[in-house]
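# give me coordinates for this.
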Amino acid sequence: MNFTRFPAVGATLAGIAVAVAPAHAQQTWQPERAIEFVVPASPGGQNDLTMRNMQRVLQNLKLVEQPISVNNKGGGGGALAWVYLNQHAGDPHYLSISTVNMLSNHIVGASPLNYTDFTPLGHLIHSYLGFAVRPDSSIANAKDLLERLKKDPGALSIAVGTSLGNTSHIAMSQAAKSAGVDPRKLKTVVFKSNGEALTAFFGGHVDVIISGLPNLVKHAQSKTLRLVAITAPERLGGVLADVPTWREVGPNVVVSGWRGALGAKGLTPAQTAYWESTIAKLVDSDAWGQELAKDFATRTRMTAAENREFLAREYKSYLVTLGELGMAKK
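Purely as a prediction, here's the structure:
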């Protein structure tokens with residue numbers, strides 16, 4: 001470092017000492033009682049699994065000394081859980097997760113709450129989607145799929161669970177748009193769950209299914225369906241090594257069912273710093289990596305500030321796509 005830039009080295013060092021003190025103080029807060037994880041879903045499913053994995057890894061690695069309980073608040077696409085979390089503003093002993101539904105619920109007017117009503121604490125997971133057809137389908141690959149939709153946007157019935165505006169719907173809409181197809185003309189069939197969507201798909205009632213990879217990979221391995229594309233930025237390897245990304249096919253479609261750690265609104269810098277550090281240790285751990293590998297998911301470390309910026313970018317992106325679908329109320 002070229003200290004000649006500074007008018008007084010002594011004064012500068014004193015200033016650094018003063019500046020460091022608050023940063024150190026921010027790390028001194030610790031949870032004072034039991035932690036409650038508020039799951040924005042009923043038991044079962046990926047959101048519930050994510051938070052239960054968090055609980056297990058945090059406690060097994062002793063990253064949190066206080067006990068952690070899990071409280072499932074399913075309903076409203078996660079809205080009931082976030083309303084509950086919002087009722088505990090300023091209390092760092094309640095945590096939930098941010099999901100795409102938090103953003104889309106706000107954009108379509110289903111919830112007044114947005115990511116700005118909470119304290120983002122870090123990123124947990126990127127979980128990508130697969131597009132699949134049955135083995136006897138005349139659609140051999142993703143290019144065939146787009147060509148069919150170009151000729152007739154309503155020619156194929158496309159299954160998504162569990163609501164319009166979710167990641168599956170967004171991914172199909174973006175792929176269609178890239179091919180010059182109006183996504184509002186697609187024949188999209190919504191099911192109450194991914195399980196129901198799969199049942200309809202295997203029963204021959206829908207032509208294409210879009211779902212999280214954990215729901216599709218075992219069927220691809222047994223050759224009861226054929227994966228034609230995934231929404232990851234690059235190939236995932238392993239049993240998915242032969243499945244191309246949409247980027248390889250042509251459309252720049254990268255859609256993740258991401259999840260981030262989320263605190264209530266109004267946490268202090270010290271409380272935020274504690275959870276930011278703890279979440280970083282969780283994400284960096286081998287145990288967390290092993291949990292993600294089971295679901296063909298990936299991890300990306302983000303600070304609390306970076307996670308807030310990420311959510312802001314995602315919100316803008318979804319605002320555009322949902323607006324094009326005629327669903328945005330904002």
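# hmm, Thr224 is touching Pro135, no?
Yes - contact criterion CB atoms under 8 Å: Thr224 and Pro135 qualify, at 6.9 Å. For every residue, glycine as well, the C-beta is placed using N, CA and C.
# who has more neighbours out of the two?
Legend: neighbour count by other CB atoms under 10 Å for Thr224 and Pro135, higher for Thr224 (14 against 10).
# next one: the more buried one from Leu216, what distance?
To Leu216, Thr224 is 10 Å away according to CB to CB, to the nearest Å.
# hang on, the earlier thing: between Thr224 and Pro135, what contacts are shared?
Here Thr224 and Pro135 have no joint contacts, going by CB atoms under 8 Å, 6 or more residues apart in numbering.
# quick one: low-confidence ranges for the stretch 51-200 of the chain?
Of all residues in the stretch 51-200 of the chain, none has pLDDT under 70.
# all helices of it, in order?
For the stretch 51-200 of the chain, applying DSSP state H, counting those that start in this stretch gives helices covering 79-86, 100-107, 142-151, 167-178, 194-202.
# tabulate the ones you listed (CSV), appending distance to Ala229 and mean neighbour count.
Formatted as CSV, the helices of the stretch 51-200 of the chain follow (distance: least, CB to CB, whole Å; neighbours: other CB atoms under 10 Å):
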stretch, distance to Ala229, mean neighbour count
helix 79-86, 31, 21
helix 100-107, 19, 24
helix 142-151, 4, 18
helix 167-178, 8, 24
helix 194-202, 16, 19
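# those helices: which one's closest to Glu314?
Of all these, the one in closest proximity to Glu314, counting by CB to CB, is helix 100-107 (6.0 Å).
# quick check: which helices or strands does the closest one pack against?
When contacts are defined as 3 or more CB pairs under 8 Å, 6 or more residues apart in numbering; DSSP states H and E, helix 100-107 packs onto helix 79-86, helix 304-324.
# can you do 7 Å?
Helices and strands touching helix 100-107, by 3 or more CB pairs under 7 Å, 6 or more residues apart in numbering; DSSP states H and E, are helix 304-324.
# how far off helix 167-178 does the helix it packs on point, in degrees?
60 degrees (axes from the mean of the first three to the mean of the last three CA atoms, to 10 degrees).
# quick one, helix 304-324 and helix 100-107 angle?
Using the same axes, to 10 degrees: helix 304-324 against helix 100-107 is 60 degrees.
# any idea of the mean pLDDT in helix 304-324?
Per-residue pLDDT over helix 304-324 has a mean of 96.
# give the buried residues for that helix.
Residues 304, 307-308, 310-311, 314-315, 318-319, 321-322 are the ones in helix 304-324 that count as buried (16 or more other CB atoms under 10 Å).
# didn't Leu85 look like it was pressed against Ile97?
No - counting by CB atoms under 7 Å, Leu85 does not reach Ile97; the two are 10.0 Å apart.
# give me the nearest residue to the residue positioned nearest the centre of the chain, chain neighbours excluded.
Centroid-nearest residue in the chain: Trp258, 1.3 Å away (criterion: CA atoms, centre = their mean). In this structure, Trp258 finds its nearest non-sequential neighbour in His126, 5.3 Å apart by CB to CB, 6 or more residues apart in numbering.
# distance of the one you found relative to Ala229?
For His126, the distance to Ala229 - CB to CB - is 17 Å.
# same check on Gly44?
Counting by CB to CB - Gly44 and Ala229 are separated by 27 Å.
# and Ala312, by the same measure?
28 Å.
# please apply the same query to Tyr115.
29 Å.
# which one of those two has more residues nearby?
Ala229 (26 against 21).
# could you look up the SS state of that one?
strand (DSSP: H, G, I helix; E, B strand; the rest coil).
# is it in contact with Trp246, as I believe?
Yes - Ala229 sits in contact with Trp246 when judged by CB under 7 Å, with a separation of 5.1 Å.
# common neighbours of those two, please.
Ala142 (CB atoms under 7 Å, 6 or more residues apart in numbering).
# ok, which stretches of this structure are strands?
35-39, 68-72, 94-98, 119-125, 129-133, 157-161, 187-191, 208-212, 226-230, 259-263 (DSSP state E).
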